[in-house]
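Engineer: coords below, sequence missing:
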């Protein structure tokens, strides 16, 4: 009874911790999205400079990561050669900077609810790019699922009350760059045995992003900021916004490290529905029945995709356990045979 009670208590503790990590990630992700919308939207804080905001985030994250890694030694740096950095980290940094720039730009043109609906295309983009780069194998069943998600998002876009073609183009570009980044992380880093946690990821990638973003910033936004001489930099607004962005990276590490990437995908679906509800009820964005119907189709497609991934992971884990068990039995059999040979009279 005591052993069973202890086991039940341990399971309960793990469940509570998992839900806590999920809640923290949803809260911080929710906060960063709404905060960025508040800063960039012309009807709110009215500071429509997405490149500048992204650079502030990257500068803050780079500085804090440098302090934690190089000065306080909280995290050990990754052993990396200059060649690996240039051929692997730099391309990933370029894609990340483009993804952040475009995704932040969409807050100027689209509602929070519609942006979340468009983000449902992420599994479609990741799978499609994975197939193109030969990281994923083509499966007709999976592609049919991807097409159902795309159809649902198309219906949601058709029902959008304040459709903006430029905003949609920016968000689709952000999804494409982010999906390519995720696939390249597997190809360029994981294949070389290099893994980043959020702090080391920011330590190596954020400076790259800062450099890449400085080029379009000088051309596009610096002249506009120079003309807006009345602007006063609000350290509280941008400081807390940047800190939330940094904390979100740590929350991702906690959630994936203590649970799984699949858990984050499922939690992301919950977060999207919460954001849609918040956007409609608090920000007063228009959400039409066609919006919800289309996103409902996409949601079912994403849910099925996550379910299929879970089943594949379970099958892989069962196969691994079976292989380990076979190996153990084989070793025991060899050991028994050796013992018999050494017995007197054998």
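Structural biologist: Now that the structure is in, tell me what you want to look at. The model shown is predicted, which means the values in this text are computed figures rather than measured ones. Numbering: from 1, shown residues only.

Engineer: mind listing the helices in the chain by residue range?
Structural biologist: With helices called from DSSP state H, the chain shows them at 2-40, 50-66, 82-84, 90-109, 112-118, 122-132, 140-158, 165-184, 198-216, 222-227, 235-258, 261-281, 289-342.

Engineer: Which residues does the shortest one contact?
Structural biologist: Contacts made with helix 82-84 from outside it, assessed by Cβ atoms under 8 Å, 6 or more residues apart in numbering, are listed as 192, 194. All C-beta atoms are positioned from the backbone trio N, CA, C, and that covers glycine.

Engineer: For it, buried residues please.
Structural biologist: residue 84 (16 or more other Cβ atoms under 10 Å).

Engineer: Give the rounded mean pLDDT of it.
Structural biologist: Helix 82-84 shows a mean pLDDT of 89.

Engineer: swap in the second one?
Structural biologist: With pLDDT averaged residue by residue, helix 50-66 scores 95.

Engineer: Show me what counts as buried in that helix.
Structural biologist: Residues 50-62, 64-66 are the ones in helix 50-66 that count as buried (16+ other Cβ under 10 Å).

Engineer: relative to helix 90-109, how tilted is that helix?
Structural biologist: Put simply, helix 50-66 runs at 130 degrees to helix 90-109, going by axes from the mean of the first three to the mean of the last three Cα atoms, to 10 degrees.

Engineer: quick one: contacts for residue 119?
Structural biologist: 171, 175, 272.

Engineer: ok, the second one - contacts?
Structural biologist: For residue 175, the residues meeting the contact criterion (Cβ under 8 Å, 6+ apart) are 118, 119, 121, 122, 125.

Engineer: how does it look with 6 Å?
Structural biologist: By Cβ atoms under 6 Å, 6 or more residues apart in numbering, the contact set of residue 175 is 121, 122, 125.

Engineer: To what extent is the closest residue to the last one other than its chain neighbours buried, counted in neighbours?
Structural biologist: Here the nearest residue to residue 125 in space, its sequence neighbours aside, is residue 179; by Cβ to Cβ, 6 or more residues apart in numbering that works out to 3.5 Å. Residues lying near residue 179 (other Cβ atoms under 10 Å) number 22.

Engineer: Between which two of the buried residues of helix 50-66 is the distance greatest?
Structural biologist: Pairwise distances across these peak at 24.3 Å for 50 and 66 (criterion: Cβ to Cβ).

Engineer: most tightly surrounded among the helices of the chain?
Structural biologist: Most buried of the helices of the chain, by mean neighbour count (mean count of other Cβ atoms under 10 Å): helix 112-118, with a mean of 25.

Engineer: Residues touching that one, excluding its own?
Structural biologist: Helix 112-118 has contacts (Cβ under 6 Å, 6+ apart) with 37, 106, 156, 160, 171, 272, 275, 276, 279, 285, 287, 295.

Engineer: Check what pLDDT residue 171 gets.
Structural biologist: At residue 171, pLDDT is 97.

Engineer: again, but for residue 231
Structural biologist: Residue 231 carries a pLDDT value of 67.

Engineer: Equivalent analysis for the one 4 residues further on, please.
Structural biologist: pLDDT for residue 235: 92.

Engineer: is it true that residue 104 touches residue 49?
Structural biologist: No - taking Cβ atoms under 6 Å as the definition, residue 104 is not a contact partner of residue 49, at 9.3 Å.

Engineer: Contacts only, for the spatially closest residue to residue 104 that is not a sequence neighbour.
Structural biologist: Closest residue to residue 104 apart from its sequence neighbours, by Cβ to Cβ, 6+ apart: residue 50 at 3.9 Å. Neighbouring residues of residue 50 by Cβ under 6 Å, 6+ apart: 40, 104, 105.
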